[in-house]
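Student: kindly generate the corresponding structure for this input.
(2 chains)
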Amino acid sequence: MKLTKDNIEEYLLLLVDEELDPAAMAEVERFLSQHGEYRPVLEAYRATKLDSEEMCFFPGKESLLRPEPAAVPLKAGKSFRLWRQAAALALLLGLGLAFALLVRRSGDTGLPSPVQKVAVADPDKDPGLPKDTTERKIAPQPSQAIAQQPSVTRQPAVRVIPQRHSYQIPDRAQSRKQEAIASLATATSPAMLPEAPLQVGQAINREWASTPLEEKKALPGWLPVKEESVEGVGELVAQAQELRDNIAEKAKMLKKASFVIRIGDKDVIALGR
Amino acid sequence: MTTSEYNQCVRELADGLYRFAWKSIGEAEEAKDMVQQAFTVLWEKREEVPPDKGKSFLFTVTYRKCMDVHRARGRTTATGQLHENALTEMPRTNELKKILQQALATLDQQSRNLVLLKDYEGYSYEEIAKITTLNTTQVKVYLHRARKSLKNYLVSKEHVI
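Tutor: Numbers count the residues shown, from 1 in each chain, chains lettered A, B, ... in the order given. A predicted model of the protein is given here:
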């Protein structure tokens, strides 16, 4: 680009119209610095520029706007309502079925809820006991009770043995033939509790085994285990293991709780630690 | 172009379009009708117009309508009178603006529209060429001619700036 006095006016117009690149603009400025007589010409051209800031406000702009489709909620048509009702029905049925299964499972295991009554000595029979210990909403912890009361074997009447006093044999199990379960005791010894702390279990075993059966029966809170008939040793063992596992699992949930299960003249201690 | 984008065009471009039409034909009511018609056309063609082309589409429609109005009035119409009316309605910030508006009124319709598109809307020569269906060289020549005419008007003995 060579600027001369013949073409400078064209470049001045391009400069006013902002159509020059930075290099060309610098060239024009350099020419103007050398030929000052053209600067008033540039100013005159700049004066022809309309003020772009000059505003005119269109009246009634709102009338030009078109209604925008709003986020219309899904219209509940007939078919949609039917589907919705069907889904609600299915959900209710599912919840009912799940609840029924849970209740049935709970009935099978016969496990008490975490909030349960704790079998305690009857204060009326033993005036030495305080009367405010008839019901507690805590998890039973017989192992602690036993550990804290070393004289329990000498005074069995005050020993507190948490037992599942509301245990119910499921109806379907009751229909089985009655049979002695003495052999079950052999099959379900404390050694079958792999997770039970050995020392505590053995201590409780020794202590509890030394107590005569008649004294045990005389303990408050003692509930005799109902007998049920099973066929074959394998089924007997399986049922005992299931019972043990269920109680141990429940004892775990109750934290630091243990249960004493009497089967025949044998006692099985399920620890929940 | 969606309805939302169309409404965005209305909010952003209606004032500028109205200013262009008013300055071009000098009649506020006619300019208002022209803007409404331009947006009506845009609405009808919204499916074909991309959102980023909305502004050039509107100015193209308005420019053509301005030229149609000019042709209908005849080239002998006293544009000076038209802009005199416009000047009485426009705010006058200083004397130079008044003289410049008078100078603008002396231009032919096409040159005036080019100056309006260039100065008010900041379009480049190439963009103005697309709107006016002229080529870039024509736009450049017409604009330079218009500038010289305006400059000569401003620096004349009666309107020394």
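
Student: report how many residues lie close to B:Gly122.
Tutor: 11 (other Cβ atoms under 10 Å in any protein chain shown). Where C-beta positions appear, they are placed from N, C-alpha and C, glycine not excepted.

Student: ok, and the closest non-adjacent residue to it?
Tutor: Distances taken as Cβ to Cβ, 6 or more residues apart in numbering or on different chains put A:Ser52 closest to B:Gly122, at 6.6 Å, once the chain neighbours are dropped.

Student: which SS state does the one you found fall under?
Tutor: The three-state label given to A:Ser52 by DSSP: H, G, I helix; E, B strand; the rest coil is coil.

Student: how many other residues sit next to it?
Tutor: By the measure other Cβ under 10 Å, the count of residues near A:Ser52 is 13.

Student: got it, and A:Pro59?
Tutor: 13.

Student: cool, and B:Met67?
Tutor: Neighbours of B:Met67 using other Cβ under 10 Å come to 16.

Student: which residue packs closest to it, ignoring adjacent ones?
Tutor: Nearest in space to B:Met67, with sequence neighbours left out and distances taken as Cβ to Cβ, 6+ apart, is B:Gln109 at 6.5 Å.

Student: could you check how far the one you found is from B:Leu143?
Tutor: 14 Å (Cβ to Cβ, to the nearest Å).

Student: which parts of chain B are helices?
Tutor: Secondary structure of chain B (DSSP state H): helices at B:3-25, B:28-44, B:54-73, B:79-89, B:95-105, B:109-119, B:125-132, B:136-154.

Student: burial-wise, tell me which of those helices comes out on top.
Tutor: helix B:109-119 (a mean of 23; mean count of other Cβ atoms under 10 Å in any protein chain shown).

Student: find the residue at the geometric middle of chain B.
Tutor: B:Phe20 (3.6 Å; Cα atoms, centre = their mean).

Student: so that one touches B:Lys118, yeah?
Tutor: No. Using Cβ atoms under 8 Å, B:Phe20 is not in contact with B:Lys118, being 11.1 Å away.

Student: between the two, what contacts are shared?
Tutor: With contacts taken as Cβ atoms under 8 Å, 6 or more residues apart in numbering or on different chains, B:Phe20 and B:Lys118 have no neighbour in common.

Student: pull up the per-residue confidence for A:Arg81.
Tutor: Per-residue pLDDT puts A:Arg81 at 77.

Student: circling back: for the residue nearest to B:Gly122, give me its contacts.
Tutor: With Cβ under 8 Å, 6+ apart, A:Ser52 has these contacts: B:119-122.

Student: for A:His35, same thing?
Tutor: A:5, A:8.

Student: can you tell me how far it sits from A:Leu20?
Tutor: Taken as Cβ to Cβ, the span from A:His35 to A:Leu20 is 17 Å.

Student: repeat that for B:Asp119.
Tutor: 16 Å.

Student: for B:Lys97, same thing?
Tutor: B:Lys97 is 26 Å from A:Leu20, by Cβ to Cβ.

Student: export stretch B:96-105 as PDB, just CAs?
Tutor: C-alpha atoms of stretch B:96-105 as PDB (Å, rounded to 0.1, in the frame of the first residue of the first chain):
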ATOM      1  CA  LEU B  96     -24.000  19.500  14.800                       C
ATOM      2  CA  LYS B  97     -26.500  16.600  15.000                       C
ATOM      3  CA  LYS B  98     -29.200  18.800  13.600                       C
ATOM      4  CA  ILE B  99     -27.000  19.900  10.700                       C
ATOM      5  CA  LEU B 100     -25.900  16.300  10.100                       C
ATOM      6  CA  GLN B 101     -29.500  15.200  10.000                       C
ATOM      7  CA  GLN B 102     -30.200  17.900   7.500                       C
ATOM      8  CA  ALA B 103     -27.200  16.700   5.500                       C
ATOM      9  CA  LEU B 104     -28.400  13.100   5.600                       C
ATOM     10  CA  ALA B 105     -31.800  14.300   4.300                       C
END
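
Student: and A:Pro67, which of the three is it?
Tutor: At A:Pro67 the chain is in coil, as set by three-state DSSP.

Student: give me the low-pLDDT residue ranges for the stretch 151-273 of chain A?
Tutor: By pLDDT under 70, the low-scoring segments of the stretch 151-273 of chain A are A:151-209, A:216-217, A:219-231, A:250-251, A:254-273.

Student: quick check: residues of chain A near chain B?
Tutor: A:10, A:13, A:16-19, A:44-45, A:47-52, A:54-61, A:63-69 (Cβ under 8 Å from any Cβ of the partner chain).
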